[in-house]
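A.B. asks: Sequence and predicted structure, then a few things I'm wondering about:
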Amino acid sequence: MKNGIYLVATPIGNISDITLRALDVLKNADIIACEDTRVTKKLFSLLCLSTSGKNFVTMHDHNEEDISQSLIDSAKNGHIIAYVSDAGSPLISDPGYKLSKKCRKQNVYITTIPGACAAICALQLSGLPSNCFTFAGFIPNKDKARNDFFNKYKNYDSTLIFYETANRLTKTLEVAKDIFADREISVAREITKLYEECKTGSAKELLTYYIENQPKGEIVLMVAPKTETNQIDYESELMEEMKKSSLKTAVKTIVEKYDLNKNEVYQKALGLKK
Ligand code: SAM
């Protein structure tokens with residue numbers, strides 16, 4: 001195996017998702033760089049890999065600048081270095097970017113050993129358009145920052161993918177209800193684990209569901225692009241309501257059900273009436 005840096009993806013929940021190439025690199029590496037040695041040594045144990053003779057080095061957001069250079073120096077001196085994050089694909093809301101950039105600049109061999117990535121797995125499950133998507137990482141926790149963050153992305157014409165934590169999900173859906181009112185939203189939870197779940201609906205529907213069913217575990221939140229075809233399709237329902245009641249009542253019912261803009265639904269109802 002060639003000396004250099006190997007960016008190794010690890011499972012995001014199901015240990016059987018480790019790849020044959022990942023096993024090979026982890027077996028052969030002299031140095032295992034990881035976010036947390038306890039997590040990675042546990043992974044070695046689950047995979048029945050020996051840790052003896054291997055040097056485990058911690059590389060996280062706060063020391064990446066320095067550690068990445070020493071890893072590169074080791075690679076130049078003929079060593080095989082595997083970098084793994086706690087779970088999933090390195091660099092994706094995880095350390096590794098500085099390491100990769102330095103390798104390019106210093107002409108050091110670097111390769112990827114691909115595998116699970118929560119963002120991609122979630123998109124596959126969501127039923128939202130997958131032809132064009134924007135991965136925006138973790139949603140900020142503070143109210144203003146979260147609002148600004150969503151407003152920045154709201155006009156993107158692509159499916160939006162965010163990482164979120166279970167304890168913040170309902171608060172985030174509250175905000176999403178205002179900013180992405182008419183869009184399909186999807187929440188993928190505990191992907192590849194025993195209680196894997198993916199729910200798609202309006203922010204309002206998902207908020208109701210997650211208030212009743214307190215979410216646990218790891219979460220990816222996705223928002224459908226702002227295009228006609230992916231907005232909530234309420235037209236046929238509005239027609240049905242208009243057959244049963246007055247135009248005003250029908251509009252009110254639909255606006256309340258999907259948390260939509262009243263004027264937009266009213267204009268749509270007028271058009272349908274004609
Ligand atoms: N680099 C990893 C990847 O892309 O697979 C992600 C690392 S990031 C620090 C961790 C976040 O990824 C979690 O907070 C969650 O949003 C998401 N995540 C990781 N594993 C997941 C899973 N099994 N199901 C749903 N989301 C997951």
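C.D. replies: Perfect, thanks for sending it. For clarity, every value in this text was computed on a predicted model and none was experimentally measured.
A.B. asks: check contacts around the residue in the stretch 1-150 of the chain that the ligand sits nearest to.
C.D. replies: Residue of the stretch 1-150 of the chain nearest the ligand, by C-beta to the nearest ligand atom: Gly88 (2.1 Å). C-beta coordinates here come from the backbone N, C-alpha and C atoms, glycine included. Counting by C-beta atoms under 8 Å, 6 or more residues apart in numbering, Gly88 touches 9-12, 94, 115-118.
A.B. asks: what pairs with it across the strands?
C.D. replies: Thr10 (DSSP bridges).
A.B. asks: Now name the helix or strand holding the residue positioned nearest the centre of the chain.
C.D. replies: Centroid check for the chain by C-alpha atoms, centre = their mean gives Ala119 as the closest residue, at 3.5 Å. Assigned by DSSP states H and E, Ala119 belongs to helix 118-126.
A.B. asks: Same question for Asn155.
C.D. replies: Going by DSSP H and E, Asn155 is not part of any helix or strand.
A.B. asks: What is the neighbour count of Tyr6?
C.D. replies: For Tyr6, the count of nearby residues is 26 (other C-beta atoms under 10 Å).
A.B. asks: rewinding a little: contact partners for the residue nearest to the centre of the chain?
C.D. replies: Counting by C-beta under 8 Å, 6+ apart, Ala119 has contacts 92, 135, 161, 163, 220.
A.B. asks: what do you get if the cut-off is 7 Å, keeping everything else the same?
C.D. replies: Applying C-beta atoms under 7 Å, 6 or more residues apart in numbering, we find Ala119 in contact with 92, 135, 161, 220.
A.B. asks: Mind pulling up the pLDDT for it?
C.D. replies: pLDDT for Ala119: 98.
A.B. asks: hang on, the earlier thing: what about the helix holding Ala119, near the ligand?
C.D. replies: Yes: under the criterion of C-beta under 6 Å from any ligand atom, the ligand is reached by helix 118-126 at 118-119.
A.B. asks: any idea how far that helix is from the chain center?
C.D. replies: Its chain's C-alpha centre and that of helix 118-126 lie 7 Å apart, by C-alpha atoms, centre = their mean, to the nearest Å.
A.B. asks: List the buried residues of it.
C.D. replies: 118-123, 125-126 (16 or more other C-beta atoms under 10 Å).
A.B. asks: what are the pairing partners of the helix or strand that that helix is followed by, and which direction each?
C.D. replies: The C-terminal neighbour of helix 118-126 among helices and strands, as given by DSSP H and E, is strand 133-138. When pairing is defined by DSSP bridges, strand 133-138 lines up against strand 159-165 (parallel).
A.B. asks: ok, residues contacting the strand it pairs with?
C.D. replies: Counting by C-beta under 7 Å, 6+ apart, 93, 119, 122-123, 128-130, 133-139, 153, 172, 219-225 sit against strand 159-165.
A.B. asks: That one: what's the following helix or strand?
C.D. replies: helix 169-179.
A.B. asks: got any ranges where the stretch 151-274 of the chain has weak pLDDT?
C.D. replies: 227-231 (pLDDT under 70).
A.B. asks: And for Met239, nearest residue in space, chain neighbours not counted?
C.D. replies: Leu272 (5.8 Å; C-beta to C-beta, 6 or more residues apart in numbering).
A.B. asks: Who are the contact partners of that neighbour?
C.D. replies: 238-239, 242.
A.B. asks: Tell me the one of the residues you listed nearest the ligand?
C.D. replies: Among the contacts of Leu272, and counting by C-beta to the nearest ligand atom, the member closest to the ligand is Leu238, at 34.9 Å.
A.B. asks: Surely the closest one is in contact with Val255?
C.D. replies: No: using C-beta atoms under 7 Å, Leu238 is not in contact with Val255, being 9.8 Å away.
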